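Peer 1: compute the structure for the input listed below.
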Amino acid sequence: MQLLAVTQNGNAIRYIENPSEAMQLVAVKQDRCAIQYIKTQDRCAIRYIKNPSEAVQLVAVKQNGLNIQYIENPTEDVQLVAAKQWWKCW
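Peer 2: As a prediction, this is how the structure comes out:
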């Protein structure tokens with residue numbers, strides 16, 4: 001039921017306690033702004049996710065390349081995506 005809810009409306013994740021990583025990905029893919037409801041109300045929520053998977057990291061840096069600052073030891077792929085997003089701001 002919860003997965004169906006976030007599939008239809010990513011922002012529904014704000015009402016789910018301890019959503020799985022898969023559910024987080026579905027929510028953010030449905031609505032990139034949904035990341036703000038994962039773990040915190042902060043728009044840079046990636047910094048509050050303990051050991052985020054590379055998939056979650058990629059979603060975060062696709063949303064905002066500056067989110068890379070909150071990722072410890074980002075992979076080369078994450079770095080490249082973040083750099084591409086950062087250049088879009090200029």
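Peer 1: skipping adjacent residues, who's closest to N11 in space?
Peer 2: A34 (5.2 Å; Cβ to Cβ, 6 or more residues apart in numbering). Backbone N, C-alpha and C define where each C-beta goes, glycine included.
Peer 1: dump the residue contacts of the spatially most central residue of the chain.
Peer 2: Residue closest to the average C-alpha location in the chain (Cα atoms, centre = their mean): A60, at 3.9 Å. A60 makes contacts with 35, 45-46, 52, 67, 70-71, as judged by Cβ atoms under 8 Å, 6 or more residues apart in numbering.
Peer 1: and the least confident of the residues you listed?
Peer 2: Ranked by pLDDT, the contacts of A60 bottom out at A45, which scores 68.
Peer 1: re earlier: state the distance from the residue nearest to N11 to N67.
Peer 2: Separation of A34 from N67 (Cβ to Cβ, to the nearest Å): 14 Å.
Peer 1: coming back round to it: top of the contacts of A60 by neighbour count?
Peer 2: Highest neighbour count within the contacts of A60: I35, with 27 neighbours (other Cβ atoms under 10 Å).
Peer 1: so it makes contact with R47?
Peer 2: No: the criterion here is Cβ atoms under 8 Å, and I35 misses it with R47 at 11.0 Å.
Peer 1: what does the longest helix along the chain rub up against?
Peer 2: For the chain, the longest helix by residue count, based on DSSP state H, is helix 76-88. Helix 76-88 has contacts (Cβ under 8 Å, 6+ apart) with 54, 57-58, 61-68, 71, 74.
Peer 1: do stretch 31-39 as well
Peer 2: So stretch 31-39 is contacted by 6, 9-11, 13-14, 19, 24, 27-28, 42-43, 45-46, 48-49, 59-60, 62-63 (Cβ under 8 Å, 6+ apart).
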